[in-house]
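Peer 1: Need a 3D model of the following:
(one chain, ligands or ions: 1)
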Amino acid sequence: MKHILLIIGGGIAAYKSLEIARQLKKKGYDIIPVMTASAEAFVTKLSVEALCGNEVHSELFAPGQESKINHIALARMADAILVCPATANLLARMAHGLADDLATTILLAAKAPIFVAPAMNVRMWEHPATQANIALLKQRDVHFIGPAEGEMACGDYGLGRLSPIEDIICVLEGHLKLPAPLLNKHFLVTAGPTCEPIDPVRYISNHSSGLQGYAIAEALAKLGAKVTLVSGPVSLATPLHVDRVNVVTAREMLDQCLKALPADGMVAVAAVSDWRAEQEHSEKLKKGHQDLTKLKLVENPDILATICRHQKRPALVVGFAAETENVLDYAREKRERKGCDWLIANDVKAGVFGSDRNQVSILDGHAIETWPMQTKKEIAARLAQKISAYFSQL
Ligand code: CTP
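Peer 2: Next up is the predicted model:
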(Lines give C-alpha, C1' and ligand atoms only; values in the text may rest on other atoms or scores of the structure.)
Protein backbone atom coordinates (compact mmCIF):
# COMPACT_ATOMS: atom_id res chain seq x y z
CA MET A 1 0.00 0.00 0.00
CA LYS A 2 1.28 3.49 -0.87
CA HIS A 3 1.37 6.14 1.84
CA ILE A 4 0.44 9.73 1.01
CA LEU A 5 1.25 12.35 3.58
CA LEU A 6 -1.39 15.06 3.23
CA ILE A 7 -0.35 18.42 4.65
CA ILE A 8 -3.39 20.66 5.01
CA GLY A 9 -2.61 24.39 5.01
CA GLY A 10 -4.75 27.14 6.44
CA GLY A 11 -6.85 28.47 3.58
CA ILE A 12 -10.47 28.56 2.60
CA ALA A 13 -9.81 25.67 0.16
CA ALA A 14 -8.82 23.41 3.07
CA TYR A 15 -12.26 21.80 3.01
CA LYS A 16 -11.49 20.46 -0.48
CA SER A 17 -8.56 18.48 0.92
CA LEU A 18 -11.15 16.40 2.79
CA GLU A 19 -12.70 15.27 -0.49
CA ILE A 20 -9.23 14.54 -1.90
CA ALA A 21 -8.44 12.43 1.17
CA ARG A 22 -11.75 10.61 0.85
CA GLN A 23 -11.24 9.78 -2.83
CA LEU A 24 -7.62 8.71 -2.38
CA LYS A 25 -8.53 6.50 0.56
CA LYS A 26 -11.29 4.90 -1.51
CA LYS A 27 -8.68 4.12 -4.18
CA GLY A 28 -6.67 2.20 -1.58
CA TYR A 29 -4.01 4.72 -0.51
CA ASP A 30 -3.04 5.21 3.12
CA ILE A 31 -3.56 8.89 3.93
CA ILE A 32 -1.55 10.34 6.80
CA PRO A 33 -2.94 13.78 7.64
CA VAL A 34 -0.87 16.64 9.00
CA MET A 35 -2.51 19.97 9.75
CA THR A 36 -0.92 23.37 10.27
CA ALA A 37 -2.24 25.45 13.16
CA SER A 38 -4.14 27.74 10.79
CA ALA A 39 -5.71 24.78 8.96
CA GLU A 40 -7.55 24.06 12.19
CA ALA A 41 -9.39 27.35 11.72
CA PHE A 42 -10.94 25.98 8.53
CA VAL A 43 -11.47 22.24 9.08
CA THR A 44 -11.72 20.20 12.23
CA LYS A 45 -9.33 17.46 13.24
CA LEU A 46 -12.30 15.23 13.81
CA SER A 47 -13.53 15.40 10.22
CA VAL A 48 -10.00 14.99 8.81
CA GLU A 49 -9.42 11.94 10.99
CA ALA A 50 -12.78 10.45 10.09
CA LEU A 51 -12.17 10.81 6.34
CA CYS A 52 -8.52 9.71 6.36
CA GLY A 53 -9.06 6.89 8.80
CA ASN A 54 -5.82 7.95 10.50
CA GLU A 55 -4.88 10.18 13.40
CA VAL A 56 -4.09 13.82 12.56
CA HIS A 57 -0.57 14.99 13.36
CA SER A 58 -0.13 18.67 14.12
CA GLU A 59 2.29 19.13 17.04
CA LEU A 60 6.01 19.31 16.47
CA PHE A 61 6.75 18.37 20.06
CA ALA A 62 3.97 16.17 21.37
CA PRO A 63 4.67 14.70 24.79
CA GLY A 64 3.98 11.00 24.77
CA GLN A 65 3.95 10.82 20.97
CA GLU A 66 7.66 11.34 20.34
CA SER A 67 8.64 7.74 20.98
CA LYS A 68 5.78 6.45 18.80
CA ILE A 69 6.05 8.56 15.70
CA ASN A 70 8.05 11.73 15.24
CA HIS A 71 8.48 14.07 12.31
CA ILE A 72 11.40 12.06 10.90
CA ALA A 73 9.35 8.86 10.95
CA LEU A 74 6.44 10.65 9.29
CA ALA A 75 8.74 12.07 6.62
CA ARG A 76 10.25 8.64 5.97
CA MET A 77 7.05 6.69 5.63
CA ALA A 78 5.60 8.80 2.80
CA ASP A 79 5.72 7.67 -0.82
CA ALA A 80 4.51 11.14 -1.77
CA ILE A 81 3.67 14.33 0.07
CA LEU A 82 0.76 16.51 -0.98
CA VAL A 83 0.51 20.03 0.40
CA CYS A 84 -3.09 21.10 -0.11
CA PRO A 85 -4.00 23.87 -0.01
CA ALA A 86 -0.54 25.41 -0.18
CA THR A 87 -0.95 28.97 1.06
CA ALA A 88 1.42 31.84 0.20
CA ASN A 89 2.77 31.63 3.75
CA LEU A 90 3.39 27.89 3.58
CA LEU A 91 5.14 28.24 0.19
CA ALA A 92 7.32 31.02 1.64
CA ARG A 93 8.27 28.90 4.64
CA MET A 94 9.04 25.93 2.39
CA ALA A 95 11.12 28.04 0.00
CA HIS A 96 13.23 29.41 2.82
CA GLY A 97 13.71 26.13 4.64
CA LEU A 98 11.91 27.16 7.82
CA ALA A 99 11.03 24.37 10.20
CA ASP A 100 8.87 26.11 12.75
CA ASP A 101 6.02 23.61 12.90
CA LEU A 102 5.41 19.94 12.19
CA ALA A 103 4.41 20.44 8.52
CA THR A 104 7.50 22.44 7.52
CA THR A 105 9.80 20.18 9.56
CA ILE A 106 8.48 17.12 7.72
CA LEU A 107 8.92 18.92 4.40
CA LEU A 108 12.58 19.58 5.25
CA ALA A 109 13.20 16.02 6.38
CA ALA A 110 11.37 14.32 3.50
CA LYS A 111 12.96 12.44 0.64
CA ALA A 112 9.64 11.61 -1.03
CA PRO A 113 8.48 13.76 -3.95
CA ILE A 114 6.54 16.84 -2.86
CA PHE A 115 3.41 18.02 -4.66
CA VAL A 116 1.88 21.36 -3.84
CA ALA A 117 -1.61 22.49 -4.81
CA PRO A 118 -1.61 26.25 -4.21
CA ALA A 119 -4.73 28.24 -3.41
CA MET A 120 -4.68 31.92 -2.60
CA ASN A 121 -5.89 35.30 -3.75
CA VAL A 122 -4.71 36.20 -7.27
CA ARG A 123 -2.72 39.20 -6.03
CA MET A 124 -0.92 37.09 -3.45
CA TRP A 125 -0.16 34.52 -6.17
CA GLU A 126 1.15 37.17 -8.55
CA HIS A 127 3.19 39.00 -5.92
CA PRO A 128 6.91 38.94 -6.81
CA ALA A 129 7.71 37.45 -3.40
CA THR A 130 5.41 34.47 -4.01
CA GLN A 131 6.65 34.09 -7.58
CA ALA A 132 10.27 34.09 -6.38
CA ASN A 133 9.41 31.42 -3.79
CA ILE A 134 7.72 29.32 -6.46
CA ALA A 135 10.77 29.61 -8.72
CA LEU A 136 12.99 28.44 -5.84
CA LEU A 137 10.75 25.50 -5.06
CA LYS A 138 10.54 24.48 -8.72
CA GLN A 139 14.33 24.49 -8.90
CA ARG A 140 14.24 21.96 -6.07
CA ASP A 141 11.83 19.76 -8.02
CA VAL A 142 8.74 20.53 -6.00
CA HIS A 143 5.83 19.68 -8.31
CA PHE A 144 3.17 22.35 -8.68
CA ILE A 145 -0.40 21.32 -9.43
CA GLY A 146 -2.15 24.49 -10.50
CA PRO A 147 -3.43 26.87 -9.36
CA ALA A 148 -6.43 27.20 -11.65
CA GLU A 149 -8.03 30.37 -12.92
CA GLY A 150 -11.48 31.48 -11.84
CA GLU A 151 -13.52 33.35 -9.31
CA MET A 152 -12.15 33.34 -5.78
CA ALA A 153 -13.90 33.18 -2.45
CA CYS A 154 -13.17 36.90 -1.99
CA GLY A 155 -14.85 37.78 -5.31
CA ASP A 156 -11.62 38.52 -7.23
CA TYR A 157 -11.02 36.75 -10.52
CA GLY A 158 -7.76 35.22 -11.74
CA LEU A 159 -5.12 32.58 -11.05
CA GLY A 160 -5.18 31.25 -7.53
CA ARG A 161 -8.04 28.79 -7.21
CA LEU A 162 -7.21 25.30 -6.05
CA SER A 163 -6.88 23.01 -9.09
CA PRO A 164 -9.84 20.69 -9.68
CA ILE A 165 -9.77 17.73 -7.30
CA GLU A 166 -9.62 15.26 -10.23
CA ASP A 167 -6.47 16.98 -11.57
CA ILE A 168 -4.73 16.81 -8.20
CA ILE A 169 -5.54 13.12 -7.82
CA CYS A 170 -4.57 12.39 -11.43
CA VAL A 171 -1.11 13.97 -11.02
CA LEU A 172 -0.45 12.17 -7.74
CA GLU A 173 -1.57 8.84 -9.13
CA GLY A 174 0.40 9.39 -12.32
CA HIS A 175 3.47 9.71 -10.13
CA LEU A 176 2.71 6.82 -7.83
CA LYS A 177 2.10 4.54 -10.78
CA LEU A 178 5.55 4.99 -12.24
CA PRO A 179 7.39 4.27 -14.47
CA ALA A 180 6.55 7.11 -16.79
CA PRO A 181 7.81 6.02 -20.22
CA LEU A 182 8.75 9.51 -21.42
CA LEU A 183 10.50 10.60 -18.22
CA ASN A 184 13.58 12.75 -19.01
CA LYS A 185 12.40 13.38 -22.56
CA HIS A 186 11.71 16.92 -23.69
CA PHE A 187 9.01 17.68 -26.26
CA LEU A 188 8.27 20.85 -28.10
CA VAL A 189 4.64 21.27 -29.16
CA THR A 190 3.26 24.17 -31.21
CA ALA A 191 -0.46 24.87 -31.04
CA GLY A 192 -3.15 27.39 -31.90
CA PRO A 193 -3.12 29.95 -34.67
CA THR A 194 -0.68 32.78 -35.26
CA CYS A 195 -1.96 36.31 -35.78
CA GLU A 196 -0.15 38.64 -38.12
CA PRO A 197 -1.01 42.31 -37.54
CA ILE A 198 -1.94 44.57 -40.44
CA ASP A 199 -2.63 47.58 -38.24
CA PRO A 200 -3.55 47.97 -34.55
CA VAL A 201 -7.06 46.55 -35.11
CA ARG A 202 -6.71 44.04 -37.94
CA TYR A 203 -4.76 40.86 -38.45
CA ILE A 204 -4.39 37.82 -40.70
CA SER A 205 -4.92 34.48 -39.02
CA ASN A 206 -6.09 30.88 -39.43
CA HIS A 207 -8.89 28.91 -37.86
CA SER A 208 -7.54 26.98 -34.90
CA SER A 209 -9.01 26.27 -31.48
CA GLY A 210 -5.73 24.83 -30.18
CA LEU A 211 -7.65 21.82 -28.80
CA GLN A 212 -5.61 19.16 -30.61
CA GLY A 213 -2.23 20.70 -29.79
CA TYR A 214 -3.13 21.22 -26.13
CA ALA A 215 -4.42 17.65 -25.87
CA ILE A 216 -1.13 16.35 -27.30
CA ALA A 217 0.93 18.46 -24.89
CA GLU A 218 -1.16 17.11 -22.02
CA ALA A 219 -0.90 13.48 -23.18
CA LEU A 220 2.90 13.70 -23.48
CA ALA A 221 3.17 15.28 -20.03
CA LYS A 222 1.02 12.50 -18.58
CA LEU A 223 3.61 10.01 -19.83
CA GLY A 224 6.25 11.89 -17.85
CA ALA A 225 7.72 14.09 -20.59
CA LYS A 226 8.84 17.65 -20.01
CA VAL A 227 6.73 19.62 -22.47
CA THR A 228 7.25 23.12 -23.84
CA LEU A 229 4.03 24.30 -25.47
CA VAL A 230 4.55 27.29 -27.75
CA SER A 231 1.05 28.59 -28.23
CA GLY A 232 -0.62 31.19 -30.39
CA PRO A 233 -3.62 33.08 -28.96
CA VAL A 234 -6.27 30.61 -27.75
CA SER A 235 -8.61 30.56 -24.80
CA LEU A 236 -7.59 27.25 -23.27
CA ALA A 237 -6.17 26.48 -19.85
CA THR A 238 -2.56 25.29 -19.70
CA PRO A 239 -2.47 21.51 -19.19
CA LEU A 240 -0.91 20.24 -15.98
CA HIS A 241 2.89 20.01 -15.92
CA VAL A 242 3.23 21.77 -19.26
CA ASP A 243 5.45 24.85 -19.69
CA ARG A 244 3.51 27.22 -21.89
CA VAL A 245 5.07 30.06 -23.86
CA ASN A 246 2.59 32.49 -25.42
CA VAL A 247 3.30 34.02 -28.81
CA VAL A 248 1.29 35.97 -31.36
CA THR A 249 3.11 35.92 -34.70
CA ALA A 250 4.83 33.18 -36.72
CA ARG A 251 8.19 34.83 -36.27
CA GLU A 252 7.74 34.88 -32.48
CA MET A 253 6.68 31.23 -32.60
CA LEU A 254 9.83 30.33 -34.53
CA ASP A 255 12.04 32.26 -32.08
CA GLN A 256 10.51 30.53 -29.07
CA CYS A 257 10.77 27.09 -30.71
CA LEU A 258 14.45 27.65 -31.45
CA LYS A 259 14.94 28.81 -27.84
CA ALA A 260 13.30 25.61 -26.56
CA LEU A 261 15.83 23.37 -28.34
CA PRO A 262 17.32 20.90 -27.67
CA ALA A 263 14.31 18.64 -27.58
CA ASP A 264 13.90 14.90 -28.12
CA GLY A 265 10.72 15.36 -30.08
CA MET A 266 8.57 18.01 -31.72
CA VAL A 267 4.90 17.93 -32.61
CA ALA A 268 3.92 20.89 -34.79
CA VAL A 269 0.18 21.32 -34.53
CA ALA A 270 -0.01 25.11 -34.87
CA ALA A 271 -1.98 26.59 -37.74
CA VAL A 272 0.75 29.04 -38.66
CA SER A 273 -0.29 31.89 -40.90
CA ASP A 274 1.57 31.42 -44.17
CA TRP A 275 1.66 35.14 -44.84
CA ARG A 276 1.99 38.43 -43.02
CA ALA A 277 1.57 42.01 -44.14
CA GLU A 278 4.88 43.28 -45.44
CA GLN A 279 4.36 46.45 -43.47
CA GLU A 280 2.56 46.67 -40.14
CA HIS A 281 0.81 50.05 -40.04
CA SER A 282 1.12 51.89 -36.76
CA GLU A 283 -2.27 53.63 -37.21
CA LYS A 284 -5.62 52.15 -38.19
CA LEU A 285 -6.03 52.09 -41.98
CA LYS A 286 -9.07 54.16 -42.88
CA LYS A 287 -11.73 52.92 -45.30
CA GLY A 288 -11.70 54.58 -48.69
CA HIS A 289 -8.23 56.03 -48.21
CA GLN A 290 -6.36 52.88 -49.15
CA ASP A 291 -5.88 51.06 -52.38
CA LEU A 292 -6.56 47.57 -51.03
CA THR A 293 -4.67 45.90 -53.85
CA LYS A 294 -1.59 47.48 -52.32
CA LEU A 295 -1.80 45.39 -49.15
CA LYS A 296 1.38 43.46 -49.83
CA LEU A 297 1.86 40.09 -48.17
CA VAL A 298 5.15 38.31 -47.60
CA GLU A 299 5.69 34.67 -46.68
CA ASN A 300 6.29 33.70 -43.07
CA PRO A 301 9.10 31.35 -42.08
CA ASP A 302 8.14 27.68 -42.05
CA ILE A 303 8.71 26.67 -38.43
CA LEU A 304 8.40 22.93 -38.96
CA ALA A 305 10.75 22.92 -41.97
CA THR A 306 13.26 25.16 -40.15
CA ILE A 307 13.39 22.85 -37.11
CA CYS A 308 13.68 19.78 -39.37
CA ARG A 309 16.79 21.24 -40.97
CA HIS A 310 18.28 22.64 -37.78
CA GLN A 311 21.53 21.23 -36.42
CA LYS A 312 19.73 20.53 -33.15
CA ARG A 313 16.89 18.70 -34.94
CA PRO A 314 14.89 16.60 -32.47
CA ALA A 315 15.11 12.82 -33.03
CA LEU A 316 11.42 12.66 -33.91
CA VAL A 317 9.55 15.45 -35.66
CA VAL A 318 5.82 15.14 -36.27
CA GLY A 319 3.91 17.57 -38.47
CA PHE A 320 0.23 18.06 -39.13
CA ALA A 321 -1.38 18.76 -42.49
CA ALA A 322 -4.69 20.47 -42.76
CA GLU A 323 -6.02 19.71 -46.24
CA THR A 324 -9.31 20.26 -47.99
CA GLU A 325 -8.76 17.92 -51.00
CA ASN A 326 -6.38 15.16 -52.18
CA VAL A 327 -5.56 14.72 -48.51
CA LEU A 328 -3.12 11.81 -48.71
CA ASP A 329 -1.33 12.97 -51.87
CA TYR A 330 -0.75 16.44 -50.50
CA ALA A 331 0.28 14.97 -47.15
CA ARG A 332 2.89 12.69 -48.76
CA GLU A 333 4.36 15.62 -50.64
CA LYS A 334 4.24 17.84 -47.53
CA ARG A 335 6.09 15.28 -45.39
CA GLU A 336 8.96 15.21 -47.85
CA ARG A 337 9.00 18.93 -48.48
CA LYS A 338 9.09 19.78 -44.77
CA GLY A 339 11.44 16.92 -43.83
CA CYS A 340 9.46 15.62 -40.84
CA ASP A 341 9.38 11.96 -39.76
CA TRP A 342 5.65 11.52 -39.37
CA LEU A 343 2.92 13.61 -40.88
CA ILE A 344 -0.59 13.52 -39.53
CA ALA A 345 -3.10 14.41 -42.20
CA ASN A 346 -6.64 15.50 -41.63
CA ASP A 347 -9.42 16.68 -43.86
CA VAL A 348 -10.47 20.02 -42.44
CA LYS A 349 -13.59 20.02 -44.58
CA ALA A 350 -14.96 17.44 -42.12
CA GLY A 351 -15.80 20.19 -39.60
CA VAL A 352 -12.64 19.74 -37.54
CA PHE A 353 -12.08 23.33 -36.44
CA GLY A 354 -13.50 23.95 -33.00
CA SER A 355 -14.91 20.41 -32.83
CA ASP A 356 -13.60 18.04 -30.18
CA ARG A 357 -13.39 15.19 -32.71
CA ASN A 358 -11.05 14.48 -35.58
CA GLN A 359 -10.17 11.76 -38.07
CA VAL A 360 -6.53 11.44 -39.01
CA SER A 361 -4.07 9.37 -41.05
CA ILE A 362 -0.41 9.07 -40.10
CA LEU A 363 2.22 8.83 -42.82
CA ASP A 364 5.76 7.80 -41.95
CA GLY A 365 7.26 7.42 -45.44
CA HIS A 366 6.59 3.66 -45.52
CA ALA A 367 3.01 3.13 -44.49
CA ILE A 368 -0.20 4.99 -43.83
CA GLU A 369 -2.10 4.34 -40.62
CA THR A 370 -5.69 5.54 -40.64
CA TRP A 371 -7.37 6.05 -37.30
CA PRO A 372 -11.15 6.15 -36.88
CA MET A 373 -13.04 9.33 -36.02
CA GLN A 374 -12.45 9.93 -32.30
CA THR A 375 -12.05 12.74 -29.83
CA LYS A 376 -8.97 14.95 -30.05
CA LYS A 377 -8.04 13.76 -26.55
CA GLU A 378 -8.19 10.13 -27.71
CA ILE A 379 -6.04 10.94 -30.73
CA ALA A 380 -3.57 12.72 -28.44
CA ALA A 381 -3.36 9.76 -26.01
CA ARG A 382 -2.86 7.29 -28.89
CA LEU A 383 -0.23 9.50 -30.50
CA ALA A 384 1.63 9.88 -27.18
CA GLN A 385 1.66 6.06 -26.84
CA LYS A 386 2.99 5.72 -30.40
CA ILE A 387 5.70 8.29 -29.67
CA SER A 388 6.58 6.49 -26.45
CA ALA A 389 6.85 3.15 -28.35
CA TYR A 390 9.14 4.86 -30.88
CA PHE A 391 11.51 6.07 -28.16
CA SER A 392 11.52 2.72 -26.38
CA GLN A 393 12.91 1.10 -29.56
CA LEU A 394 15.80 3.55 -30.00
N1 CTP B 1 3.84 24.90 -40.33
C2 CTP B 1 4.85 25.61 -39.73
N3 CTP B 1 5.16 26.85 -40.16
C4 CTP B 1 4.49 27.41 -41.19
C5 CTP B 1 3.44 26.71 -41.81
C6 CTP B 1 3.13 25.45 -41.35
O7 CTP B 1 5.47 25.09 -38.78
N8 CTP B 1 4.81 28.62 -41.60
C9 CTP B 1 3.58 23.53 -39.87
C10 CTP B 1 2.22 23.31 -39.22
O11 CTP B 1 2.29 23.46 -37.83
C12 CTP B 1 1.93 21.85 -39.62
C13 CTP B 1 2.62 21.70 -40.96
O14 CTP B 1 3.60 22.72 -41.01
O15 CTP B 1 2.56 20.95 -38.74
C16 CTP B 1 1.72 21.80 -42.15
O17 CTP B 1 0.91 22.96 -42.07
P18 CTP B 1 -0.10 23.30 -43.25
O19 CTP B 1 -0.76 24.60 -42.92
O20 CTP B 1 -0.96 22.12 -43.54
O21 CTP B 1 0.90 23.43 -44.47
P22 CTP B 1 1.46 24.67 -45.25
O23 CTP B 1 2.87 24.89 -44.88
O24 CTP B 1 0.55 25.83 -45.11
O25 CTP B 1 1.47 24.10 -46.73
P26 CTP B 1 0.38 24.32 -47.92
O27 CTP B 1 0.24 25.80 -48.06
O28 CTP B 1 1.03 23.65 -49.06
O29 CTP B 1 -0.86 23.61 -47.48
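Peer 1: what's the burial count for whatever residue of the stretch 51-200 of the chain ends up closest to the ligand?
Peer 2: With CB to the nearest ligand atom as the measure, the residue in the stretch 51-200 of the chain that lies nearest the ligand is T190; the distance is 5.7 Å. Any C-beta I mention is one placed from the backbone N, CA and C, and that applies to glycine too. A total of 33 residues lie near T190 under the criterion other CB atoms under 10 Å.
Peer 1: Grab the nearest non-local neighbour of it.
Peer 2: Here the nearest residue to T190 in space, its sequence neighbours aside, is A270; by CB to CB, 6 or more residues apart in numbering that works out to 3.7 Å.
Peer 1: how much space between that neighbour and the ligand?
Peer 2: Look at A270 and the ligand: by CB to the nearest ligand atom, to the nearest Å, they are 4 Å apart.
Peer 1: How about G365?
Peer 2: In terms of CB to the nearest ligand atom, G365 sits 16 Å off from the ligand.
Peer 1: Next one, pLDDT for that residue please.
Peer 2: pLDDT recorded at G365 is 91.
Peer 1: Now for the residue lying closest to G365 once chain neighbours are set aside: which residues touch it?
Peer 2: Nearest in space to G365, with sequence neighbours left out and distances taken as CB to CB, 6+ apart, is R335 at 6.7 Å. When contacts are counted by CB atoms under 8 Å, 6 or more residues apart in numbering, R335 touches G319, A321, W342, L343, L363, G365.
Peer 1: ok, those vs A62, which is closest?
Peer 2: Set against A62, the nearest of these by CB to CB is W342 (58.7 Å).
Peer 1: hang on, the earlier thing: which residues does the residue of the stretch 51-200 of the chain closest to the ligand form a beta bridge with?
Peer 2: V230, A268 (DSSP bridges).
Peer 1: Does it touch A263 like I think?
Peer 2: No - under the criterion of CB atoms under 8 Å, T190 makes no contact with A263, lying 11.5 Å away.
Peer 1: Give the bridge partners for R357, please.
Peer 2: Note on R357: beta-bridge partners by DSSP bridges are T375.
Peer 1: Distance of it relative to S205?
Peer 2: Distance from R357 to S205, counting by CB to CB, to the nearest Å: 23 Å.
Peer 1: Also E173?
Peer 2: Remark: distance between E173 and S205 (CB to CB) = 39 Å.
Peer 1: Let me know the next secondary structure element after the lowest-mean-pLDDT helix or strand in the chain.
Peer 2: When the helices and strands of the chain are scored by mean pLDDT, DSSP states H and E, helix 71-77 comes last with a mean of 83. Of the helices and strands lying after helix 71-77 in sequence (DSSP states H and E), the nearest is strand 80-86.
Peer 1: and the end-to-end length of stretch 361-377?
Peer 2: End-to-end span of stretch 361-377 (CA to CA, to the nearest Å): 16 Å.
Peer 1: Correction: the previous question concerned stretch 334-347.
Peer 2: Here the two ends of stretch 334-347 are set 14 Å apart, with distance taken as CA to CA.
Peer 1: Please spell out which residues along that stretch are buried.
Peer 2: Residues K334, R335, K338, G339, C340, D341, W342, L343, I344, A345, N346, D347 are the ones in stretch 334-347 that count as buried (16 or more other CB atoms under 10 Å).
Peer 1: Would you mind measuring from the residue nearest to G365 to the ligand?
Peer 2: Counting by CB to the nearest ligand atom, the separation of R335 from the ligand is 9 Å.
Peer 1: which SSE is that residue in?
Peer 2: Applying DSSP H and E as the criterion places R335 in helix 327-338.
Peer 1: ok, then the element right after that helix?
Peer 2: Taking DSSP H and E as the definition, the helix or strand right after helix 327-338 is strand 342-347.
Peer 1: Mind listing the strands that next one pairs with, and their directions?
Peer 2: Sheet pairing of strand 342-347 (DSSP bridges) gives strand 316-323 (parallel), strand 360-363 (antiparallel).
Peer 1: Is A132 in a helix, a strand, or coil?
Peer 2: Using DSSP: H, G, I helix; E, B strand; the rest coil, the secondary structure recorded for A132 is helix.
Peer 1: who's in contact with the residue nearest to T190?
Peer 2: T190, A191, G192, P193, T194, S208, G213, V230, S231, G232, M253, I303.
Peer 1: Repeat that for H207.
Peer 2: Applying CB under 8 Å, 6+ apart, the residues near H207 are P193, A271, V348, F353, G354.
Peer 1: Go ahead and report the secondary structure state at it.
Peer 2: coil.
Peer 1: Not counting sequence-adjacent ones, nearest residue to D243?
Peer 2: Spatial nearest neighbour of D243, excluding adjacent residues (CB to CB, 6+ apart): T228 at 5.0 Å.
Peer 1: can you tell me how far the residue of the stretch 51-200 of the chain closest to the ligand sits from V234?
Peer 2: Taking CB to CB as the measure, T190 and V234 are separated by 12 Å.
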